[in-house]
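S.K.: only geometry, no sequence info:
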């Protein structure tokens, strides 16, 4: 049997966007304090809910930056893949935090719905407008990394729901200032909570999928097998597994059965095929030769019979 185990050492996708995360962390931290002060002065649950969500943004961004740092630690004999999965754990924690925050918002909104307190709509409106500007700037900064890193995507989703929350708070502030509709504040809080739950679901689903070592969403296992089988000399592919180590780091392992007279470089052609078509660089491939029929009348001299899976040594 021949094996090929190849990979390259690359910075994670999150590492390329570390500066973006740091800058957004500073913005979110500063405006979170402003929203807390504004929410207390205006007696607005919507503003406090938005500030609470921004607190989770700060925690999520800090966790994302820590995960990026931890992922760069070298592999050890006990952790042969290093600490890449820390980024996925951070994304999972971010999603779970979003759901918990939504539950708290719903509980407080329910309490206020039956007896809406007085809210200073004008102050609420002004603070919410400032929050919208900060969130839009943060979204623009993080936009370039959200499709590359699940960790960065988690932070982006936090900010995105904050942006929608600011819009809800602005609408509630305008209704309270213009019409005195105090119920608009708890209603806006409920809508913010629903947005938080919706945005967190996809993140949790993707993070759990990576931890369960599922096939990446952009790949089809049958298609990968078909591409490998088109390599001259390959007759079958089995025990094929494709999974994600962390965002942008896909791994593959497989057995390929080849013809008895296979070219010696068949293994490298298989590797090139999956790299060129799917961009997979980290692969562990075992080559097995099909059984060679033993000519009639030829003795093995008392030795063990010939078995498949020997040959094509690289």
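M.R.: Nice, I can see it. Predicted, not measured: the structure shown is a model, and the values here were computed from it. Numbers count the residues shown, from 1 in each chain.
S.K.: can you count the residues close to the nearest residue to residue 35 once chain neighbours are set aside?
M.R.: Spatially, and ignoring its direct neighbours in sequence, residue 35 is nearest to residue 51 (3.6 Å; C-beta to C-beta, 6 or more residues apart in numbering). Quick note: C-beta positions are derived from backbone N, CA and C, even for glycine. Using other C-beta atoms under 10 Å, residue 51 has 25 neighbouring residues.
S.K.: show me where the stretch 1-150 of the chain has its strands.
M.R.: 2-6 (DSSP state E, counting those that start in this stretch).
S.K.: rewinding a little: hmm, residue 39 and the residue nearest to residue 35 touching each other?
M.R.: Yes. Contact between residue 51 and residue 39 holds when scored by C-beta atoms under 8 Å: they sit 5.4 Å apart.
S.K.: list the helices and strands the strand or helix carrying residue 199 packs on?
M.R.: Element membership of residue 199, judged by DSSP states H and E, is helix 184-211. Packing partners of helix 184-211 (3 or more C-beta pairs under 8 Å, 6 or more residues apart in numbering; DSSP states H and E): helix 45-71, helix 85-114, helix 150-179, strand 234-246.
S.K.: make a markdown table out of those and add mean pLDDT and distance to residue 252.
M.R.: Compiled in a markdown table, these are given as follows (pLDDT from 0 to 100; distance: least, C-beta to C-beta, whole Å):
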| stretch | mean pLDDT | distance to residue 252 |
| --- | --- | --- |
| helix 45-71 | 74 | 20 |
| helix 85-114 | 81 | 17 |
| helix 150-179 | 78 | 19 |
| strand 234-246 | 90 | 5 |
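S.K.: of those, which approaches residue 194 most closely?
M.R.: helix 85-114 (7.6 Å; C-beta to C-beta).
S.K.: so how far is residue 198 from the residue nearest to residue 35?
M.R.: 20 Å (C-beta to C-beta, to the nearest Å).
S.K.: domain parsing for this structure?
M.R.: 13-211, 221-289 (automatic domain parsing).
S.K.: so of those domains, which one's packed in deepest?
M.R.: Neighbour counts (mean count of other C-beta atoms under 10 Å) averaged over each of the domains of the chain peak at domain 13-211, with a mean of 20.
S.K.: figure out how far that domain is from the centre of its chain.
M.R.: 16 Å (C-alpha atoms, centre = their mean, to the nearest Å).
S.K.: equivalent analysis for stretch 265-276, please.
M.R.: 28 Å.
S.K.: now that stretch: average pLDDT?
M.R.: Stretch 265-276 carries an average pLDDT of 90.
S.K.: try stretch 280-294
M.R.: Stretch 280-294 comes out at a mean pLDDT of 76.
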